[in-house]
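> Provided below for reference: sequence and predicted model.
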Amino acid sequence: MLRPFLVLLALCCAGVFPAHAADHLVRLGVLAHRGKNEALKTWDPTAQYLSRKIPGYKFVIVPLSNDDIGPAVEYNELEFVLTNPGSYAELEFSFGITRIATLKNESPRGAYSVLGAVIFARADRADIQTLADLRGKRFMAVHENAFGGWWLAWHELKQHNIDPYSDFKRLIFSGFPQDNIVYAVRDGKADAGTVRTDLLESLDLAGKIKLQDYRILNAQHVEGFPYALSTPLYPDWAFAVLRHTPDELAQRVAITLLQMEPGDPAARAGGYVEWTVPLDYHRVLQLMMELRVGPYINYGKLSFVDLLKQYWIGITAALIAMLILASAYAYALRLNRRLFHTMKHLEEEIAQRQRIEHDLRRIRDELEIRVAERTAELARINEELESRVARRTAQLLSAMQRLEAEMKRTHEQSESEQPPS
């Protein structure tokens, strides 16, 4: 693989191969947040201190960027790693590294084992007074996966209802070292930026900037903390051991670090005071969970495979239920179609029956009218017949009466004409 070759090349360039062939090489990966040369200058004395205190081992510094440190741990190219809290939490989650000590930094007010981030702009920018003023501005951070160099500021912006990925005019990730962010804001290449705490003071002390030229946004005041601050504080850098590293060596390194005297040359060269027992990094994990970064980038989301593994019983039951419901639906659909055709047939029959009934009513009405008309006609005819019969009867009676009268008269005449006997 190419990566081991690059690690060996870094060791060659740093001149850190073991002085004695019998010494076991122990590689200490360091997150080079201010550049690889600065990391070698800062941490090589600590590696020499461990080499002196633990005979038979030669400790060497391997400077790494945010992009390199994960693969270096994954492929066991290191025995120990020294990195910021966010990087440590991610490596612990992903590759099972274990912290054995936490760094205590040096400051004018004493030692401290916490860090934060500072958000700043130029002091002469009257248009940038608060975090809300950053909307529509160019903002610079070191790396999208940097803890003190981006995540802390991002989390604080989120608490103020600012989404840097949509509210900023431009979000710039400059890469290491973080010093470049300070210079970019000073030179107007960015409107504002963020770096880890103590960097502004370090550059001011080195004469590279003037601290009064910068305005601290969302300034926080924590008793005993000596540096400009814009965010809550979290545990400082962690010294951690990889899983493949022998337990005996890890114990000896932890004891040796904790036994380092304040003011040791290695500590002075590294700008720190001493090492303390590993602190609790739970708050770091909570922050990463809220931002959905690092190991929590898919927090709240499940891949299809994860979904099957975690909920296969429920999914199977749901599929069976869906199959039953689908079958019932299909059966109901068939019944519905049959019912539809039956109803349609019945409607046609009803319509036909209604037409027949209508025709029958019409015929009945017509028949009633005809019967009434015929009855009236018959009544009229009957009246005429009765009238004729009555007239005829009257005529016959009159004729009979005349005939009877004529017969009576004839009889009487006949009797009067016969001679007496």
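Perfect, I can see it now.
> now for the helix or strand hosting Ala72, which elements pack on it?
Secondary structure assignment for Ala72, by DSSP states H and E: helix 66-74. Under the contact criterion of 3 or more CB pairs under 8 Å, 6 or more residues apart in numbering; DSSP states H and E, helix 66-74 touches helix 2-14, strand 24-31, strand 80-83, helix 85-95. Where you see a C-beta, it was placed from the backbone N, CA and C, and this is true even at glycine.
> 6 Å instead?
helix 85-95 (3 or more CB pairs under 6 Å, 6 or more residues apart in numbering; DSSP states H and E).
> which is the next helix or strand following the helix it packs on?
strand 98-105.
> buried sites along that following strand?
99-105 (16 or more other CB atoms under 10 Å).
> and if you look at stretch 174-181?
In stretch 174-181, counting by 16+ other CB under 10 Å, buried: 174, 176-181.
> how about the strands in the stretch 251-400 of the chain?
272-276 (DSSP state E, counting those that start in this stretch).
> helices of that one, residue ranges please.
265-270, 282-291, 304-417 (DSSP state H, counting those that start in this stretch).
> need the ones you listed in a markdown table (columns: mean pLDDT and distance to Thr42).
Output for the helices of the stretch 251-400 of the chain, formatted as a markdown table (pLDDT from 0 to 100; distance: least, CB to CB, whole Å):
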| stretch | mean pLDDT | distance to Thr42 |
| --- | --- | --- |
| helix 265-270 | 91 | 5 |
| helix 282-291 | 90 | 22 |
| helix 304-417 | 83 | 41 |
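> so can I have CSV of these showing distance to Val30 and mean neighbour count?
Compiled in CSV, the helices of the stretch 251-400 of the chain are given as follows (distance: least, CB to CB, whole Å; neighbours: other CB atoms under 10 Å):
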stretch, distance to Val30, mean neighbour count
helix 265-270, 10, 17
helix 282-291, 19, 18
helix 304-417, 34, 10
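> could those helices go into JSON lines alongside distance to Ala47?
Rendered in JSON lines, the data for these read as follows (distance: least, CB to CB, whole Å):
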{"stretch": "helix 265-270", "distance to Ala47": "8"}
{"stretch": "helix 282-291", "distance to Ala47": "26"}
{"stretch": "helix 304-417", "distance to Ala47": "41"}
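> to Gly70, which of these lies closest?
With CB to CB, the closest approach to Gly70 among these belongs to helix 282-291: 14.2 Å.
> so the closest one versus helix 85-95, what angle?
For helix 282-291 against helix 85-95, the angle by axes from the mean of the first three to the mean of the last three CA atoms, to 10 degrees is 80 degrees.
> need the contact partners of helix 282-291.
The contact list for helix 282-291 (CB atoms under 6 Å, 6 or more residues apart in numbering) reads 85, 89, 155, 234, 294, 296, 299.
> could you identify the least confident member of those residues?
Lowest pLDDT of the contacts of helix 282-291: Tyr299, 65.
> domain assignment for the protein?
Domain assignment for the chain by automatic domain parsing gives 2-112+236-301, 117-217, 302-411.
> okay if I get the ones you listed as JSON lines plus distance to Gly224?
JSON lines is the format used below for the domains of the chain (distance: least, CB to CB, whole Å):
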{"stretch": "domain 2-112+236-301", "distance to Gly224": "7"}
{"stretch": "domain 117-217", "distance to Gly224": "13"}
{"stretch": "domain 302-411", "distance to Gly224": "44"}
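> closest to Tyr227 out of those domains?
Of those, the one closest to Tyr227 (CB to CB) turns out to be domain 117-217, at 4.5 Å.
> spatially nearest residue to Leu157, not counting backbone neighbours?
Pro164 (5.5 Å; CB to CB, 6 or more residues apart in numbering).
> what's Leu233 sitting at in phi/psi?
Dihedral angles of Leu233 (phi, psi; degrees, to the nearest 10) stand at phi -100, psi 150.
> name the SS class of the closest residue to Ala123 other than its chain neighbours, please.
Nearest residue to Ala123, sequence neighbours excluded (CB to CB, 6+ apart): Arg215, at 4.6 Å. Classification of Arg215 using DSSP: H, G, I helix; E, B strand; the rest coil returns strand.
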